[in-house]
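In: Curious how this folds, go ahead:
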Amino acid sequence: MRKLFVASTFALAATAAQADPAVMFGINYNFGGGGPGLSVKVLTSDREDRTVGSVGASYYPMMNRVGLDLGVGRTFQNGAATVGWDVINSAPQASIGYVDTRR
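Out: Model (predicted):
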């Protein structure tokens, strides 16, 4: 299952390679016990209303843990929402945050 997820993330990233990447600053929730956290992610596109791939790092202050994740998401006006897999903590994750998008 994890191999399928990673392969689909890379395939999605390859199809969106024509757009400029974007940086997302946001909050996330790790469903494997990490709880809420702060995240920084690189998205495959800086355009509004696009499906994107993401690679990011997170810090969970309540547990004093870090995480690295791969995911997919959707951009909207000046924001994005992603879901993914935290490879360090082996847990699913959901994020939302600010992205400087363009039309």
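In: now the strands for the protein?
Out: Ranges of strands in the chain, per DSSP state E, are 22-30, 35-43, 51-60, 65-76, 79-86, 91-99.
In: With mean pLDDT added, can I get the ones you listed in CSV?
Out: Formatted as CSV, the strands of the chain follow (pLDDT from 0 to 100):
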stretch, mean pLDDT
strand 22-30, 96
strand 35-43, 95
strand 51-60, 96
strand 65-76, 96
strand 79-86, 97
strand 91-99, 96
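In: Need those in JSON lines (columns: mean neighbour count).
Out: No exception for glycine: its C-beta is placed from N, CA and C like everyone else's. As requested, the strands of the chain are exported to JSON lines (neighbours: other C-beta atoms under 10 Å):
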{"stretch": "strand 22-30", "mean neighbour count": "19"}
{"stretch": "strand 35-43", "mean neighbour count": "19"}
{"stretch": "strand 51-60", "mean neighbour count": "21"}
{"stretch": "strand 65-76", "mean neighbour count": "20"}
{"stretch": "strand 79-86", "mean neighbour count": "21"}
{"stretch": "strand 91-99", "mean neighbour count": "19"}
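In: Touching, Asp20 and Thr44? I think so.
Out: No. Using C-beta atoms under 8 Å, Asp20 makes no contact with Thr44, being 9.3 Å away.
In: who has more neighbours, the two?
Out: Ranked by neighbour count (other C-beta atoms under 10 Å), Asp20 and Thr44 place Thr44 first, with 26 against 10.
In: Tell me how far the spatially most central residue of the chain lies from Gly34.
Out: The centroid of the chain falls nearest to Ser54 when counting by C-alpha atoms, centre = their mean (4.1 Å). Taken as C-beta to C-beta, to the nearest Å, the spacing of Ser54 relative to Gly34 amounts to 17 Å.
In: and what of Ile27?
Out: Counting by C-beta to C-beta, the gap from Ile27 to Gly34 is 12 Å.
In: can you check Tyr98 too?
Out: 21 Å.
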